[in-house]
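*Asks:* sequence first, predicted model second:
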Amino acid sequence: MDIYIITGPPYSGKGTQSEILSKTFKLKHISTGDRCRLEKQKETNIGLSLTEYEKRGDLVPDSVMESLLNQLLDENLEEEAILLDGYPRTIAQVDALIKLAADKELHLKKVLNIEVPEAELLKRALERASTSDREDDRNPATHIKRIKIFKSDTLPAITYMKEKIVTDTFDGLGSINETAALISEAFQK
């Protein structure tokens, strides 16, 4: 199985672009955030442990996310290619993904990194809050906290991934279709 990773700050459009890419290139889209919400809804052990982290806007501990990722990969081993959305978010998670991929003989093909300026991220966060059913989207303080966590934890992980996995970076300021065209073009190469 080939693994593609989509990354970028919160509110950069990763989920939207993942849906477009998965349909265009027949990839299985795996959103760790969506799976976390499903685990919470089903009140599984993992789900119950996630509730407080999400409410505070904190990253879920690496060990919990590694267990969830291992489960997700095992569930999708028959897929030809997956698009991983929402993982990895820390350097430790990058190392865990590399190890899991090696252990399961999977191929880390490419990282698709979307960049969007902070002012635009905050604008998009407010727009999403007005239409989202997600409780964690309704708190503007959570929006700011998520962006700060991205800068402190995920941005260094993206830099680290660039040393380990082929990475293409895209300007995500354009429209959904403009960004999708840029990513699709790079994906085909």
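*Replies:* Yep, it's here.

*Asks:* so which residue is dead centre in this structure?
*Replies:* residue 86 (1.7 Å; C-alpha atoms, centre = their mean).

*Asks:* neighbours around the closest residue to that one other than its chain neighbours, how many?
*Replies:* Ranked by C-beta to C-beta, 6 or more residues apart in numbering and with sequence neighbours excluded, the top spatial neighbour of residue 86 is residue 32, at 3.8 Å. Every C-beta, even on glycine, is put in place using the N, C-alpha and C of the backbone. When neighbours are defined as other C-beta atoms under 10 Å, residue 32 has 19 of them.

*Asks:* got a list of what residue 32 touches?
*Replies:* 65, 68, 69, 72, 84, 85, 86, 87 (C-beta atoms under 8 Å, 6 or more residues apart in numbering).

*Asks:* how about residue 108?
*Replies:* So, once contact is read as C-beta under 8 Å, 6+ apart, residue 108 ends up touching 3, 5, 97, 98, 101, 164, 165.

*Asks:* quick one: which two of the residues you listed are the most distant?
*Replies:* 3 and 164 (12.6 Å; C-beta to C-beta).

*Asks:* which one's more surrounded, the two?
*Replies:* residue 3 (24 against 13).
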